[in-house]
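Chemist: sequence isn't available, so here's the structure alone:
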């Protein structure tokens, strides 16, 4: 719908009306998509000068969530870390990201253990949970052991 200047049309008002008229399944899909979008924005916003984080999204064919516990991976070349018999830039830094939107519950303790196993397997630098709720909440947490601790983007992606 285009704003012709002949009425009180506003894109956010229209978006709100569209969200309110959605079925619960459509709302869940919509908020999950926005949670992933906001997580991607957070990562790219915190990429400073130097090596930038690249994002890999694991969406299904309909752009909904695919199976598996990881929603996004942030990856960049590790220019600072030099391992024996490796040259600068040969290795990668990996951060596993899970997103939650709307009223989606936090990961269970079993999910946390699963995420920790995946992180160990891939030698990930961190496991991050990004929670987003429209106009209410946008927080980032880091998995420490089996518990989520509040974190800042600079701590994780700095």
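Modeler: Thanks, I have it. Nothing here was measured: the structure is a model prediction, and the numbers come from that model. Residues are numbered from 1 along each chain as shown.
Chemist: ok, residue 148 to residue 130 distance?
Modeler: Going from residue 148 to residue 130 by C-beta to C-beta, to the nearest Å gives 11 Å. (C-beta placed from N, C-alpha, C; glycine too.)
Chemist: who has more neighbours, those two?
Modeler: Between residue 148 and residue 130, residue 130 has the larger neighbour count (other C-beta atoms under 10 Å), namely 25 against 19.
Chemist: quick one, longest strand in the protein?
Modeler: Assignment by DSSP state E gives strand 92-101 as the longest strand of the chain.
Chemist: how far away from the center of its chain is that strand?
Modeler: 6 Å (C-alpha atoms, centre = their mean, to the nearest Å).
Chemist: partners of that strand, with directions?
Modeler: Taking DSSP bridges as the criterion, strand 92-101 sits next to strand 72-77 (antiparallel), strand 126-133 (parallel) in its sheet.
Chemist: columns distance to residue 158 on top of these, output as JSON lines?
Modeler: Shown next, in JSON lines, are the strands paired with strand 92-101 (distance: least, C-beta to C-beta, whole Å):
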{"stretch": "strand 72-77", "distance to residue 158": "12"}
{"stretch": "strand 126-133", "distance to residue 158": "11"}
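Chemist: quick one, what contacts the residue lying closest to residue 126 once chain neighbours are set aside?
Modeler: Nearest residue to residue 126, sequence neighbours excluded (C-beta to C-beta, 6 or more residues apart in numbering): residue 95, at 4.9 Å. With contacts taken as C-beta atoms under 8 Å, 6 or more residues apart in numbering, residue 95 has the following neighbours: 53, 73, 74, 75, 124, 125, 126, 127, 128, 156, 157.
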